[in-house]
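Q: Next comes the sequence, and after it the predicted model I'd like to discuss.
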Amino acid sequence: MAQRKLNKQQQQRIRAQQDRTRKNIESTSSSDNPHEQQFEGIVIQHHGKQAIVEEQNGHLINCKIRQNLGNIVCGDRVIYQRSPEDQEAVILAVKERKSVLARPDFNRKPKPFAANIDQIIIVAAPEPELSEHLLDRYLVIVETTGLHGIIVINKADLLDDSSMSEIASRLLVYQNIGYQVLFCSVKDNQGLKQLQTILKDRTSILVGQSGVGKSSLINQMLPELELRTSELSQANHGKHTTSSSTLYHLPLGGDIIDSPGIRDFAIWNISEAQIAAGFSEFRPYQGQCRFHNCRHINEPDCAIKQAVEEGSISGQRLQSYQDMLDELKQG
Ligand SMILES: Nc1nc2c(ncn2[C@@H]2O[C@H](COP(=O)(O)OP(=O)(O)OP(=O)(O)O)[C@@H](O)[C@H]2O)c(=O)[nH]1
Ligand SMILES: [Mg+2]
Ligand SMILES: [Zn+2]
């Protein structure tokens with residue numbers, strides 16, 4: 001995933017296009033054209049050149065996407081047009097996004113997949129095994145997007161006393177630098193009330209390895225999910241929808257986006273400085289290394305290495321940072 005800043009040029013181009021489209025919309029008042037009315041809706045899912053949009057009355061409608069609009073993604077607020085009898089509609093414009101997450105497409109170009117998110121819920125579990133390597137990469141995204149990030153350890157029911165204390169001590173590193181860690185279990189209904197409180201009145205996205213239980217967590221919080229799933233599948237011409245990001249409304253208020261698990265997660269399209277900025281505990285030491293452009297690898301008088309020696313920064317986190325720089329260099 002990457003942050004919106006990386007796509008600034010692209011964003012500007014899209015925005016200019018949208019401004020033009022908006023102006024066009026404004027100049028064609030709907031009363032000129034009584035059969036084609038314009039509405040605002042929210043994108044629930046997108047599939048190539050089509051998107052499923054939730055209308056203001058809660059119904060889902062399949063929309064084509066007008067050319068040159070750029071990528072329309074889950075969470076986008078859009079203006080669409082349809083005549084009352086139409087089952088299909090056309091998206092004319094996208095409202096400005098307050099945030100966007102992207103992942104590399106097959107050409108390693110950033111491809112947005114979710115928009116207008118407030119917080120990222122990183123889901124991990126004892127099975128598949130917890131990976132700090134992956135966790136640190138997600139946290140770089142959290143820090144560089146400026147979104148709120150929380151770590152959820154699902155499948156807590158699989159932990160006995162000793163594996164619980166082992167995993168808890170590994171997570172202490174993250175709690176010490178200010179991240180909230182919440183243990184949950186879909187099976188035992190553990191931690192879900194707290195999770196619902198965290199999700200209330202915000203737009204959150206669940207990210208994490210395939211199989212950690214992201215969809216199961218959502219399923220547990222949404223009693224009417226099955227209904228929504230079949231409605232979605234109908235709006236999408238009966239296709240299965242499990243492979244794309246999908247937005248759901250939570251019963252207590254707020255929205256949640258389920259995203260497909262990431263199998264191949266590489267650091268990509270990001271600068272060394274952004275990686276460093278992704279380690280929030282490095283911040284207090286900024287400007288304290290002997291060299292202003294210190295990369296905290298083997299430079300003398302490095303304040304970060306000093307902090308590791310003194311025990312105020314975790315050596316494992318510094319190692320993780322250095323691994324990411326290596327990975328970046330290898331491309
Ligand atoms: N023991 C246990 N199993 C769980 C729990 N939550 C989910 N599972 C199981 O974990 C498996 C994967 O769950 P999913 O919800 O499909 O995982 P996901 O993260 O959505 O996976 P992708 O969609 O591939 O990214 C399923 O077999 C679930 O039944 C839990 O709290 N405890
Ligand atoms: Mg899933
Ligand atoms: Zn340094």
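A: The structure has been received and is ready for your questions. Ligands and ions are numbered 1, 2, ... in the order given.
Q: Tell me how far the single nearest residue of the chain relative to ligand 2 lies from Gln50.
A: For the chain, the residue closest to ligand 2 is Ser215, as judged by C-beta to the ion, at 3.2 Å. From N, CA and C alone the C-beta is placed, and that goes for glycine too. From Ser215 over to Gln50 the distance is 22 Å, taken as C-beta to C-beta, to the nearest Å.
Q: Apart from its chain neighbours, what residue comes closest to the residue of the chain closest to ligand 2?
A: Asp258 (5.5 Å; C-beta to C-beta, 6 or more residues apart in numbering).
Q: next one: Glu55
A: Glu55's closest residue in space is Gly41 (C-beta to C-beta, 6+ apart), at 5.2 Å.
Q: The one you found sits in which helix or strand?
A: Taking DSSP states H and E as the definition, one finds Gly41 inside strand 37-47.
Q: would you put the C-alpha positions of stretch 278-294 in CSV?
A: Coordinates of each C-alpha in stretch 278-294 appear next as CSV, following Å, rounded to 0.1, in the frame of the first residue of the first chain:
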residue,chain,number,x,y,z
GLY,A,278,7.1,5.4,9.5
PHE,A,279,8.9,4.6,12.7
SER,A,280,7.2,7.0,15.1
GLU,A,281,9.6,6.2,18.0
PHE,A,282,12.5,7.6,15.9
ARG,A,283,10.9,11.1,15.8
PRO,A,284,12.3,12.4,19.1
TYR,A,285,15.8,11.7,17.9
GLN,A,286,15.4,13.5,14.6
GLY,A,287,18.3,15.9,14.0
GLN,A,288,20.4,14.4,16.8
CYS,A,289,22.6,12.1,14.7
ARG,A,290,26.1,13.5,13.8
PHE,A,291,25.2,13.6,10.1
HIS,A,292,22.0,15.3,9.1
ASN,A,293,21.4,12.7,6.4
CYS,A,294,22.2,9.7,8.7
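Q: Up against ligand 2, what does the stretch 101-250 of the chain have?
A: 214-215 (C-beta under 5 Å from the ion).
Q: make it 8 Å
A: Proximity of the stretch 101-250 of the chain to ligand 2 is confined to 210, 214-216, 242 under the rule C-beta under 8 Å from the ion.
Q: Least confident of these?
A: Scanning these for pLDDT, the low point is Thr242. It has 46.
Q: Gln175: helix or strand, and which one exactly?
A: Assigned by DSSP H and E, Gln175 falls in helix 161-176.
Q: That helix packs against which elements?
A: With contacts taken as 3 or more C-beta pairs under 8 Å, 6 or more residues apart in numbering; DSSP states H and E, helix 161-176 sits against helix 132-145, strand 148-153, strand 180-183.
Q: mind putting those in CSV, mean pLDDT included?
A: Output for the helices and strands packed on helix 161-176, formatted as CSV (pLDDT from 0 to 100):
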stretch, mean pLDDT
helix 132-145, 93
strand 148-153, 98
strand 180-183, 98
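Q: Any stretches of this protein with poor pLDDT?
A: 1-35, 224-242, 262-267 (pLDDT under 70).
Q: any idea which residue sits dead centre in it?
A: For the chain, Ile205 is the residue whose C-alpha lies nearest the centre (C-alpha atoms, centre = their mean; 4.8 Å).
Q: Torsion angles phi and psi at it?
A: phi -120, psi 140 (degrees, to the nearest 10).
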